[in-house]
Structure formats: structure tokens, C-alpha cells
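J.: test case, fold it:
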Amino acid sequence: MLKKTIIIAALLIGALLAYAATKLKLESEAEGLRLTRHVWSDMKHFGGYLSHQILVDEDAPGHVMAIAKW
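T.: The predicted structure is shown next:
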């Protein structure tokens, strides 16, 4: 289901921003997106978590990005 994931974190304006990019296999894109949303919804239970946004690249099927603020 998962081809690769890249995670980048940066400290900006007193908050940690984390960027995760995932390339899902096309045949399992819907399931991968469902699991990605589930994992990020669980982050609310960790100390320091503020918010996140999940983006799906319309021009590149299977490319999912998450940006989190800690």
C-alpha cells in the first residue's frame, strides 16, 4: 500500500511544523488515505499537538501530504 514517506520538521514562530509526504500505490489509494486520516486523528491525544491538515495532490494520484502543528 505504501511506497514511501518523507517527514520534514521545522521550528517556526514558536511552533513545530511537521510535513509528511506519502506516495500510495494506486490500487490501494482509498484505503491508504483512510488509514492516513485515522492515524492523524489519533494525534489529538498526544501532548503538544495543535492541529493538522491532510492534502491530496490532484495532479499526482496517490500523493498525500500532511502538515501538522505541534
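
J.: count the neighbours of A21 for me.
T.: As a burial measure, A21 scores 16 neighbours (other C-beta atoms under 10 Å). The way it works is simple: take the backbone N, C-alpha and C, and place the C-beta from them, glycine included.

J.: that one in helix, strand or coil?
T.: Under DSSP: H, G, I helix; E, B strand; the rest coil, A21 falls in the strand class.

J.: any idea what it is bridged to?
T.: Listed beta-bridge partners, A21: I6, M65 (assigned using DSSP bridges).

J.: so it versus L55, what's the distance?
T.: A21 is 9 Å from L55, where distance means C-beta to C-beta, to the nearest Å.

J.: need the residues touching each of the two.
T.: V64, M65 (C-beta atoms under 8 Å, 6 or more residues apart in numbering).

J.: what segments of this structure are helices?
T.: 29-42 (DSSP state H).

J.: by mean pLDDT, point me to the weakest helix or strand of it.
T.: strand 2-12 (a mean of 56; mean pLDDT, DSSP states H and E).

J.: surely L55 is in contact with A68?
T.: No: counting by C-beta atoms under 8 Å, L55 sits too far from A68 to count as a contact (11.8 Å).

J.: and these two? Which one has more around it.
T.: Ranked by neighbour count (other C-beta under 10 Å), L55 and A68 place A68 first, with 20 against 11.

J.: please report how far the more buried one lies from G47.
T.: Here A68 is placed at a distance of 13 Å from G47 (C-beta to C-beta).

J.: kindly report the same for A15.
T.: Distance of A15 to G47, given as C-beta to C-beta: 14 Å.

J.: of the two, who's got more company?
T.: Using other C-beta under 10 Å as the criterion, A15 and G47 rank with A15 on top: 13 against 5.
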